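Turn this into a model:
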Amino acid sequence: MVGVVFSAGLLAPLLFLGAARKGIVPRTVPAGYAVVIYPIALGRQWLPDPGDWISWTLAAAVLTAAVHAVLLDTGRPPGG
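Residues are numbered from 1 along each chain as shown. Prediction:
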């Protein structure tokens, strides 16, 4: 289950890009998440011994993106 959550988290910048194209969020939001999430995810595989900090940092970034998406969703009327 953790793998599914993190895989979905890696899609966060792409999903926010779609929201930016619709004008829901500024274009800097998907760029910001991409700058944070992708290097951390790649560093986790490329660094010889990344330690626990990189997993916690990636988890924090993915959870921040998820909370941001939920907060955006609560401000919209149903079906619109």
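
what residue ranges in the protein score low on pLDDT?
1-9, 73-80 (pLDDT under 70).

ranges for the helices of it?
2-10, 12-21, 28-46, 52-74 (DSSP state H).

Mind putting those helices into JSON lines with mean neighbour count?
No exception for glycine: its C-beta is placed from N, CA and C like everyone else's. Formatted as JSON lines, the helices of the chain follow (neighbours: other C-beta atoms under 10 Å):
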{"stretch": "helix 2-10", "mean neighbour count": "12"}
{"stretch": "helix 12-21", "mean neighbour count": "16"}
{"stretch": "helix 28-46", "mean neighbour count": "15"}
{"stretch": "helix 52-74", "mean neighbour count": "14"}
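
Identify the residues contacting the nearest residue to Leu15 once chain neighbours are set aside.
Excluding the flanking residues, the one nearest Leu15 by C-beta to C-beta, 6 or more residues apart in numbering is Ala69, at 7.2 Å. Contact partners of Ala69, counting by C-beta atoms under 8 Å, 6 or more residues apart in numbering, are 12, 15-16.

could I get those as a markdown table with distance to Val25?
Output for the contacts of Ala69, formatted as a markdown table (distance: C-beta to C-beta, whole Å):
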| residue | distance to Val25 |
| --- | --- |
| Ala12 | 12 |
| Leu15 | 10 |
| Phe16 | 6 |
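
Out of those, which is nearest to Ala60?
Top of the list for closeness to Ala60, among the contacts of Ala69 and by C-beta to C-beta, is Ala12 at 12.6 Å.

any idea how far that closest one lies from Pro48?
In this view, Ala12 and Pro48 are 27 Å apart by C-beta to C-beta, to the nearest Å.
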